[in-house]
Every structure is written in structure tokens, then in C-alpha cells.
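Asker: Coordinates for the following, if possible.
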Amino acid sequence: MKGIVLIPAYKPDEQLVTLVEGLADTGLSLLIVDDGSGAEFAPVFERVADRATVLTHEINRGKGMALKTGIAHIREHCQDAAYFITADADGQHRIPDILRVRDELELGAEMVLSTRIFRGNIPFRSRFGNGLSRFVYTTLTGHFFLDNQSGLRGFAAAHTEWLLKVGGERYDYEMNVLYYTDKQRIPITTVPIEAVYIDGNKSSHFNPVHDTLRIYRQLFKSARASFFALALAEVLVLIASLVFGWKYYVTTLATVGMASCTSCILYNVAGVFRRINYMDTVRTVIYTILRYIAYTVFCQLIHLTVPIIPLFGAYNIAAIVLVPLEYLMHKLVFYARYRDIHKS
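Answerer: Presented below is the predicted three-dimensional model:
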């Protein structure tokens, strides 16, 4: 079974050479994309050219575009490949961890997501950024992953076609890939890896402010159906508060929930995910129904205890309280499914 390790590299140092040398005897083919590093870094790529195929961008186009260049090459020129693994060039991914991803793929996994175990001396910006990313991703998508930003991932080669259709050119591409994998109901296998930060992660080209905003902007764009449903619900609840008061609040909330759910599904299928095989309809419908049952019950409790609060106010208080509870629920479901996530 032929496997390929795809390594996007921008201004790499000795860590890339060490990585290539460490993978030389594993039986994995190596594909490196020089993402516009420039003439100054040409000697580094020359040192690995005898053990890897090196593709070059004339200018820096971003990690997402480098990954797409590599995936397109695999699709067009490596028809005998059964799977490929994406790994970073800066030494964050150890050889044993890459091989763990390989082992899962050779056992039949379709997509493997490595999850870094954050323990020990982890830079604050990395620990905080990962925690914030978990909360935002879970809130928007309804799925919790212990680590949704790790660049060490594996894919069956059969998925190259849709991977090339996913939006994003820089670090945002990887987040989008996870989201699109999720919505197609492609099984995601998780493997724990150690979080490695060399010299406080100084070699990373990730800008904690600019690139984080870019990732979230792209994720918000992909999850815009959720915002559309939320906005629709807010408008309908406001109208109901002005017109009906509390008299028909149960019927109103049920109508709001179903209208939002229907619009979300239609918008997802016809708009956001029209280029892939969207398979998350049933789960989204069930989840939305349960969510609005919870909202209805919570609003009723508020009405019974503080009857002067109108429906619109109660609805938004419910959102403030229930969103963190939803996050915790998804987290518990994750740990129930992936009990061995902390075992190494």
C-alpha cells in the first residue's frame, strides 16, 4: 500500500532535513512544496531533493495553496497512492507520530486527525489559541474535537477530488477541510500526539492575530447557514414578542425552531456545501429540534419566575446560558466516543 507524506514548506531550516532523513527508511514517498521561500533557502531544498519530489511556488501563496498544489500532484501523477499524510516542516511532528497516522490509514481509516496533548511547558498563545478555537468550532459546527488545528493529518487518496474544492488559501484551509469532512459524515479517526514546540515555536510562520482572524473568518463563511438560522430565529422571536406576547409562545418557539432548521438545511445543501456530498441533514434536524425544545423549556422557566421579561429577552437569556452547556455536551460526547484519546 503506497503512502505519501506531503510537506508544505516556507523558509525551512534544518528541521526539514531532519524530518526527511527520518522518513527515508519508512517506505513512505515524500512530496515537498516550496511555498515561495526564495533563493536564500534553495540549498535546504537541494539537500532533500534526492529523497523527495520538490514542487515550487514562485511566490508565497499560503499553506492552504501549498497543500492544494501537493494534493493536485498526487491526484494527477500518483494514481497508485492509497493515502497521503500532511506534516509540517518545522519539526513539530515527530516521526513516531507520523507513523501512527500511517498505521491507522493502512488499517482502513479514511481521515486521521492527530490531536496534540497539551501538557508541560506549552507557550501561552498556543494553549489559549487552541482552547478558543475548540469553543468557536464546536459552537458553530456542533462537533467537538480536542485539537482542530493540528497539521498532522491523513487522508485516503480517494478524497483528493473534494479536497481541492475546499476554500481557503492559508491556515484557514485546514479548518475548512475538517468542517467539510464532518459534514460529509466521513469517519474521522483521532490519534493523540505530543505537542512539540521548539524554542517556544519561534520557527512557526503562524501569526497568532492575523492568521487566527483569517481562520475564523473562513469558518464563519463556511458556517454562515448557522448565522442565517440564528438571525431568522431572532427576527421571528422579536415579531412574536411584539404581536403575541406570551400567549402563543410555545407554538411560536416551535415554529421558529423548525423554520430556522429548514432554512439552515436548504441553505447548506443548495449554497455552502453544494460542491460536496452533504450528509449531515438528519443529524442537523434532530439537533436543532432538541435545541429548540431546550429553549422552549428554558423560556417557560424564565416566564414562571420573572413574568415581566418578554419572549425576546427570555430567548436571548436562554442562548447565553445554553450555548456553554451545548459546548460541554459536545465535549462529553467526544470523550465518550474517543475514550483512549489520552493514551500514548
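
Asker: Could you list the low-pLDDT ranges of the stretch 1-150 of the chain?
Answerer: The stretch 1-150 of the chain contains residues with pLDDT under 70 at 1, 118-127, 129.

Asker: can you give me the strands in this structure?
Answerer: Here the chain has its strands, by DSSP state E, at 2-9, 29-35, 53-57, 81-86, 111-117, 153-156, 188-194.

Asker: Just put the ones you listed in CSV and tack on distance to Pro324 and mean neighbour count.
Answerer: (C-beta placed from N, C-alpha, C; glycine too.) CSV is the format used below for the strands of the chain (distance: least, CB to CB, whole Å; neighbours: other CB atoms under 10 Å):
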stretch, distance to Pro324, mean neighbour count
strand 2-9, 36, 23
strand 29-35, 39, 24
strand 53-57, 42, 16
strand 81-86, 32, 22
strand 111-117, 22, 22
strand 153-156, 29, 22
strand 188-194, 23, 19
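
Asker: Save those strands as CSV, and put in distance to Pro307 too.
Answerer: Shown next, in CSV, are those (distance: least, CB to CB, whole Å):
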stretch, distance to Pro307
strand 2-9, 59
strand 29-35, 61
strand 53-57, 64
strand 81-86, 56
strand 111-117, 47
strand 153-156, 52
strand 188-194, 46
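
Asker: right, and those - which one's nearest Arg100?
Answerer: Arg100 lies closest to strand 188-194 among these, at 5.1 Å (CB to CB).

Asker: Give me the sheet partners of the closest one and which way each runs.
Answerer: According to DSSP bridges, strand 188-194 forms sheet pairs with strand 111-117 (parallel).

Asker: Surely Arg170 is in contact with Lys63?
Answerer: Yes: assessed by CB atoms under 8 Å, Arg170 is found in contact with Lys63 at 5.5 Å.

Asker: mind checking the longest helix of this structure?
Answerer: Secondary structure assigned by DSSP state H gives helix 311-337 as the longest helix of the chain.

Asker: how much space between the nearest residue to Ala87 once chain neighbours are set aside and Ala157?
Answerer: Of all residues not flanking Ala87 in the chain, His93 sits nearest, at 4.6 Å (CB to CB, 6 or more residues apart in numbering). Taking CB to CB, to the nearest Å as the measure, His93 and Ala157 are separated by 20 Å.

Asker: Comparing the two, which residue is more hemmed in?
Answerer: Neighbour totals were compared for His93 and Ala157, and His93 leads with 26 against 20 (other CB atoms under 10 Å).

Asker: got a list of what the more buried one touches?
Answerer: By CB atoms under 8 Å, 6 or more residues apart in numbering, His93 lies in contact with 19, 87, 114, 151-152, 193, 196.

Asker: most neighbours, which of these?
Answerer: Per-residue neighbour counts (other CB under 10 Å) across the contacts of His93 peak at Leu19, which has 28 neighbours.

Asker: Go ahead and confirm that residue touches Arg94.
Answerer: No: between Leu19 and Arg94 there is no contact under CB under 8 Å: 9.2 Å.
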